[in-house]
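Participant: Next come a sequence and a model predicted from it.
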Amino acid sequence: MATKAGLRPWLSATRCLWKSRPSVLQHRRNVFTSSDEPFPLQSPDDWQLLQDRRIRFKMLVDLFSEHGSTVTRDNTFQPHHQLHRPLAPSEATLSALIAAGAHFGHAKALLNPNFMPYAYGVRAGITIIDLDSTLPLLRRAASVMRAVVERDGTIVFVGTRPDLRAVVRKAAERIGPQAFHVGERWLPGTLTNKLQLFGRDVANEQRVTPDLVVFLNPMANAHAIRECAIQHIPTIGIVDSNVDPRVVMYPIPANDESPRTAELITGVLSIAGREGRVLRENKERSKELRQSRYKRGQERGSTRYVADTE
Amino acid sequence: MNVLRRPPGLSSFRFYSTQTTRPFVPPASLNHFELPQRQREKPRPASPSFYTARPDFYDQLTSLESALRHAKNALTTCHLLPLPQFARTALPPRVNAWVDKRELGLKLRSNLTTSRYRRVVLVLNELETYRAIAEKAGIVELQEGIRSITELFERADAATMLARGKSKPVKFDEYGRSYTLGKRKTSSARVWIVPAQRPPADPSTTALSTQATETDSALDALLNPHSSSKSNEHVSVAQILVNNTPLSTYFPIPADRTRVIHPLKLTGLLGAYNIFAIVRGGGTSGQSGAVAHGIAKGIAAHEPAVATILRKGKLLRRDPRMVERKKPGLAKARKRYTWVKR
């Protein structure tokens, strides 16, 4: 009585018409309905049909993507960007570190007293790491990395968790033949027992001692850190609030449990390493150029070019 | 906060060198010595996973994983991944026999532990799944590309391994005879079955004289070979010979005869096949059971449709019951001596 549709609104004409709406779309179901409705797959033609439905659905999505929001997959953050498109040392900002969750430490009760200078405070029972100290230390570590690579040093990235495996592999790949990675368990004696682990030929004839080792989870690699100290190898490490930062030479106080933080920091270091390699290559090239010019000058007998005292 | 508390992993290690590896010599004094080749002049290791001490294995695992990633990207481009659940169930079940741990270690040139072997097998299984998807969808190049990788790791005797536990198919010779074995207790029977030649049907006979009368007459003929009342119209030539004697002669006891004929009666094929059996060992009931087992396997080979009926009737199963041994302290297998109070 009160409503426009009468005493029983659920029997109204408008509601009856709603039921017929899906049937209008039925004959065009290949385009508009979900591409994942079950249907029997027996012949290769059925699989072709599955692919066609998906292609048509994607075409529809692409068609409408041109209208509406300008935020697309290409210009927004995607999780795989951290690994494949890392930041340069100059592009690393506090916001990037916070977004990666680098400021989350461990529980207050596990705080190492030597970590106190890098701790901002405690919130919700968790130590918050002071990123104002993390950022300059990260840049310092990046400078060390760049300098070592520029002087033809060997770098080893150590990340012994399953989620860190791809990170260290990518970082070593980015720097080139000077960099190595250890994504599995570090075998004790890798640096102190080379003869036995690698064999006499390899240990004597190849350059086995690295010049810089980067630890993404120093807590689990105490043996490796000790071996580096015995062999006088400088180390960089991501130290968390439960770790004494003095175990490594260049600590980077940050969250060691977050894969995103590890990707960010390792990415920054690997870009610095690549810069060092490029600098070295440029230096080599200019040196070769000078030497070739000098040689040509010598052959011609001209004293135009002064010999380099290299 | 407990100041004395230290993290468990690092508390027991010293992080400074306690012993010098060499005594300190001023650099100026070193000019007089022939030092070994300087570190910088030596070549670097070639593999990026050199410091894992197992570079060969990890490099090959990395290349397998990258092949897997390429296959996944290719299938995603073809809109086949991610595959919905109903399509995944439509794929054939994965049947692979990968090489064992020792063989794989030889192929990858490093000793494998079980965990490392499982890691490789995991990648191979995923590659095989992608290959099956590519095969079903008809993408030939991708399927062949993946196959070229997976066939390197497949066992040479894969077919034999996968056929373990499955019974071999019964073969027919040039005359269409099947040869099967049947066993019961200590008897074993060798049974040859061949389809019986049917006499041409008379046009004067009615359609109602069907299998029922044929079966009855055949049963009659088998069980009573010497009876004079034989119907001449639909006598089938199907016979059962056991050790070159007719069934009723060899098994005088009706129970044994019924046991032999039971598979044929159950499936309604009583007059359809000629059966010749050679049976050795055991006694009457064992031999009749063995012949019945052989007949059941034989007719299941001739007509696969009746296999379900025979399996339901438990005729295809070799009866595992054997005579139980006598035990000391007992009169027979289970019979105890009379209990005496004192």
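Facilitator: In hand now; what should we look at?

Participant: need the contact list for B:Val120.
Facilitator: Listed by C-beta atoms under 8 Å, 6 or more residues apart in numbering or on different chains, the contact set of B:Val120 reads B:Leu61, B:Leu64, B:Leu104, B:Leu108, B:Leu112, B:Phe153. C-betas here are computed from N, CA, C, even on glycine.

Participant: hmm, 7 Å instead?
Facilitator: B:Leu61, B:Leu64, B:Leu104 (C-beta atoms under 7 Å, 6 or more residues apart in numbering or on different chains).

Participant: ok, the last one touching B:Thr114?
Facilitator: No - in this structure, B:Leu104 sits apart from B:Thr114 without contact. The criterion is C-beta atoms under 7 Å, and the distance is 11.1 Å.

Participant: Please, where are all the helices along the chain?
Facilitator: Since no chain was named, I'll use chain A. A:13-26, A:29-32, A:44-65, A:81-84, A:94-99, A:131-150, A:162-175, A:194-198, A:200-205, A:222-230, A:259-300 (DSSP state H).

Participant: meant chain B actually
Facilitator: B:55-77, B:85-90, B:101-107, B:114-137, B:140-150, B:158-162, B:211-223, B:247-250, B:254-267, B:284-302, B:307-312.

Participant: Show me which residues of the stretch 1-150 of chain A sit near chain B.
Facilitator: Taking C-beta under 7 Å from any C-beta of the partner chain as the measure of proximity, the stretch 1-150 of chain A contacts chain B at A:36, A:38, A:41, A:44, A:47, A:50-51, A:54-55, A:108-109, A:111-113.

Participant: swap the cut-off to 8 Å and go again
Facilitator: A:36, A:38-42, A:44, A:47-48, A:50-51, A:54-55, A:58, A:108-113 (C-beta under 8 Å from any C-beta of the partner chain).

Participant: residues from the stretch 51-200 of chain B in reach of chain A?
Facilitator: By C-beta under 8 Å from any C-beta, the residues of the stretch 51-200 of chain B that approach chain A are B:51-54, B:58, B:62, B:78-80, B:84-87, B:90, B:136-138.

Participant: Report the buried members of the residues you listed.
Facilitator: B:51-54, B:58, B:62, B:78-80, B:84, B:87, B:90, B:136-137 (16 or more other C-beta atoms under 10 Å in any protein chain shown).

Participant: shaky segments in the stretch 1-150 of chain A?
Facilitator: A:1-36 (pLDDT under 70).

Participant: cutoff 90 now
Facilitator: Counting by pLDDT under 90, the stretch 1-150 of chain A contains low-confidence ranges at A:1-54, A:61-77, A:79-80.

Participant: repeat for chain B
Facilitator: Short version for chain B, where the test is pLDDT under 90: B:1-41, B:78-97, B:109, B:136-138, B:156-169, B:196-238, B:271.

Participant: what about the residue in the stretch 101-250 of chain A that chain B sits nearest to, neighbour count?
Facilitator: With C-beta to the nearest C-beta, the shortest gap between the stretch 101-250 of chain A and chain B falls at A:Arg207, namely 4.4 Å. Other residues lying near A:Arg207 total 16 when counted by other C-beta atoms under 10 Å in any protein chain shown.

Participant: just A:Ala166 next, same as before
Facilitator: A:Ala166 has 17 nearby residues by other C-beta under 10 Å.

Participant: And A:Met145, by the same measure?
Facilitator: Residues near A:Met145, counting by other C-beta under 10 Å: 28.

Participant: quick one: contacts for the nearest residue to A:Leu197 once chain neighbours are set aside?
Facilitator: Distances taken as C-beta to C-beta, 6 or more residues apart in numbering or on different chains put B:Ala53 closest to A:Leu197, at 5.1 Å, once the chain neighbours are dropped. Residues in contact with B:Ala53 (C-beta under 8 Å, 6+ apart) are A:Leu187, A:Thr190, A:Leu197, A:Phe198.

Participant: For the first one, which non-adjacent residue is closest in space?
Facilitator: Taking C-beta to C-beta, 6+ apart as the measure, A:Leu187 lies nearest to B:Ala53, with 4.9 Å between them; neighbours along the chain are not counted.

Participant: What of A:Val248?
Facilitator: A:Gly237 (3.6 Å).

Participant: Alongside chain B, which residues does the stretch 201-310 of chain A contribute?
Facilitator: Contact residues (C-beta under 8 Å from any C-beta) of the stretch 201-310 of chain A with chain B: A:202, A:205-210, A:219-220, A:222-223, A:225-226, A:229-230, A:232, A:242-244, A:246-247.

Participant: let's see 6 Å
Facilitator: A:Gln206, A:Arg207, A:Met219, A:Ala222, A:Arg226, A:Ala229, A:Ile230, A:Asn242, A:Val247 (C-beta under 6 Å from any C-beta of the partner chain).

Participant: Pass me the low-pLDDT residue ranges in the stretch 151-300 of chain A, would you?
Facilitator: Ranges of the stretch 151-300 of chain A meeting pLDDT under 90: A:298-300.

Participant: picking that back up, so the residue of the stretch 101-250 of chain A closest to chain B touches B:Arg44, yeah?
Facilitator: Yes - contact criterion C-beta atoms under 6 Å: A:Arg207 and B:Arg44 qualify, at 5.1 Å.

Participant: returning to that earlier point: ok, which of the helices of chain A comes nearest B:Leu30?
Facilitator: helix A:200-205 (20.2 Å; C-beta to C-beta).

Participant: which residue does the stretch 51-200 of chain A bring closest to chain B?
Facilitator: Counting by C-beta to the nearest C-beta, the stretch 51-200 of chain A gets nearest chain B through A:Arg54, at 4.0 Å.

Participant: Relative to B:Ile278, how far out is that residue?
Facilitator: As judged by C-beta to C-beta, to the nearest Å, A:Arg54 and B:Ile278 stand 63 Å apart.

Participant: Kindly report the same for A:Val71.
Facilitator: From A:Val71 over to B:Ile278 (counting by C-beta to C-beta), the distance is 84 Å.

Participant: give the contact list for the residue lying closest to B:Arg54 once chain neighbours are set aside.
Facilitator: In this structure, B:Arg54 finds its nearest non-sequential neighbour in B:Ser110, 5.5 Å apart by C-beta to C-beta, 6+ apart. When contacts are counted by C-beta atoms under 6 Å, 6 or more residues apart in numbering or on different chains, B:Ser110 touches B:Arg54, B:Asp56, B:Phe57.

Participant: which one among those residues gets closest to chain A?
Facilitator: Nearest to chain A among the contacts of B:Ser110, with distances taken as C-beta to the nearest C-beta, is B:Arg54, at 8.0 Å.

Participant: Neighbours of whatever residue of the stretch 151-300 of chain B ends up closest to chain A, how many?
Facilitator: Proximity of the stretch 151-300 of chain B to chain A (C-beta to the nearest C-beta) peaks at B:Phe153, 20.9 Å away. Applying other C-beta under 10 Å, we find 20 residues neighbouring B:Phe153.

Participant: where's it relative to A:Gln48, distance?
Facilitator: 31 Å.

Participant: And for A:Ala109?
Facilitator: In terms of C-beta to C-beta, A:Ala109 sits 61 Å off from A:Gln48.

Participant: possible to save the contacts of B:Val120 as a markdown table with neighbour count?
Facilitator: Below are the contacts of B:Val120 laid out as a markdown table (neighbours: other C-beta atoms under 10 Å in any protein chain shown):
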| residue | neighbour count |
| --- | --- |
| B:Leu61 | 18 |
| B:Leu64 | 20 |
| B:Leu104 | 19 |
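
Participant: Break chain B down into its structural domains.
Facilitator: B:52-162, B:168-198+B:236-321 (automatic domain parsing).

Participant: Surely B:Tyr58 is in contact with B:Phe50?
Facilitator: No - using C-beta under 6 Å, B:Tyr58 makes no contact with B:Phe50, being 9.5 Å away.
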